[in-house]
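Colleague: Model the structure of this input:
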Amino acid sequence: MPIEPTHMFLLFIAAMVAGILNAVAGGGSFISFPALLFTGVPAIPANATNTAALWPGAAASVGAYREELQRQRGQLKLFSGLSLLGGLLGALLLLRMRESVFVQLIPYLMLLATVVFIASPAITRFTRQRQGSTGQVSPLRRLGLMLVYLLVAIYGGFFGAGLGILTLAVLALLGGENIHEMNALKTLQAALINGIAVFTFIFAGIIQWPQMIIMTTGAIIGGYSGAAVARRMPTRVVRGIVIVISVVLTTYFFVR
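Modeller: Predicted coordinates for the structure are as follows:
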């Protein structure tokens, strides 16, 4: 079915703005996912298409953290295995869910993502306070936290907004001491979770390819220009804009 020109324009602009936001402060899915819904894409294909459209930019950013990842080889296999397993389970859960049920969940998923985004500065401060901590994590607590991370990965494959900050919180509770290494691990795991989800959605045939191609192009342009925006606009201003948009859209999905 052909895409209306106005819908093409809306999706391109929404993805470009999402790319800029993700490069500066995060929260791009608050723009790109509702744009797909507003242009008539059903909720589950919209979620899958949004994940596929934004994934290339996230995956490309992993290369910037090569040095930090090299220093964490001991953790990479375990986390990567859990990320792939959780991302696959989350994607399969989405595919097995009835459209009507997922539509009812959208307001609550948006609310969760909004709360996580608003709380992210506090979570980041917590992670920084953990730096230099000499407290040891007991084996039982570590096992419990890895199970929590598996749930985070499942959520990432199922919906994904706010995934990064949830991952950082788990890494901090596991005794993470270097915020740059934690960001590197978080970025790689997000790429793996979303990557396995994207391939699952491709295999299931639910990605809307015309919309996905338009949005991927917009997201790449937005992500590339995001660095220029970051130099000109304080991050707190961008965060404030994202919070206002997310609150408005979450309210809309609750009352519509």
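
Colleague: average pLDDT for the helix or strand Leu82 falls within?
Modeller: Assessed by DSSP states H and E, Leu82 sits inside helix 73-96. Mean per-residue pLDDT for helix 73-96: 93.

Colleague: buried stuff in that helix?
Modeller: 79, 82-92, 94-95 (16 or more other CB atoms under 10 Å). Every residue, glycine included, has its C-beta placed from N, CA and C.

Colleague: what's the neighbour count on Gly205?
Modeller: Neighbourhood size, Gly205 [other CB atoms under 10 Å]: 9.

Colleague: just to revisit the earlier point, remind me what the helix holding Leu82 packs against, helices and strands.
Modeller: helix 43-60, helix 139-158, helix 179-204 (3 or more CB pairs under 8 Å, 6 or more residues apart in numbering; DSSP states H and E).

Colleague: I'd like the buried residues of helix 73-96 written out as CSV, with distance to Phe199 added.
Modeller: As requested, the buried residues of helix 73-96 are exported to CSV (distance: CB to CB, whole Å):
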residue, distance to Phe199
Phe79, 19
Leu82, 17
Ser83, 13
Leu84, 10
Leu85, 14
Gly86, 14
Gly87, 9
Leu88, 9
Leu89, 14
Gly90, 13
Ala91, 9
Leu92, 12
Leu94, 14
Leu95, 12
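
Colleague: which one of the residues you listed sits closest to Leu11?
Modeller: The nearest member of the buried residues of helix 73-96 to Leu11, counting by CB to CB, is Leu94 at 20.7 Å.

Colleague: thought the closest one was touching Ile44?
Modeller: Yes. Using CB atoms under 8 Å, Leu94 is in contact with Ile44, at 6.2 Å.

Colleague: Now for these two: what residues contact both?
Modeller: Residues within reach of Leu94 and of Ile44 at once, by CB atoms under 8 Å, 6 or more residues apart in numbering, are Phe102.

Colleague: ok and the helix ranked longest in the chain relative to helix 73-96, angle-wise?
Modeller: For the chain, the longest helix by residue count, based on DSSP state H, is helix 99-130. Helix 99-130 and helix 73-96 are oriented at 160 degrees to each other (axes from the mean of the first three to the mean of the last three CA atoms, to 10 degrees).

Colleague: Tell me which other helices or strands helix 99-130 touches.
Modeller: Using 3+ CB pairs under 8 Å, 6+ apart: helix 99-130 touches helix 29-38, helix 43-60, helix 163-173, helix 179-204, helix 235-255.

Colleague: what's in contact with the first one?
Modeller: Residues lying outside helix 29-38 but in contact with it, judged by CB under 8 Å, 6+ apart, are 10-11, 14-15, 17-18, 21, 43, 46-47, 49-50, 53-54, 110, 113-114, 117, 160-161, 208, 211, 215, 219, 242, 245-246, 249, 253.

Colleague: ok, now the third one?
Modeller: By CB under 8 Å, 6+ apart, the surrounding residues in contact with helix 163-173 are 26, 116-117, 119-120, 123-124, 126-127, 130, 137, 145, 148-149, 152, 155-156, 182-183, 185-187, 189-190, 193.
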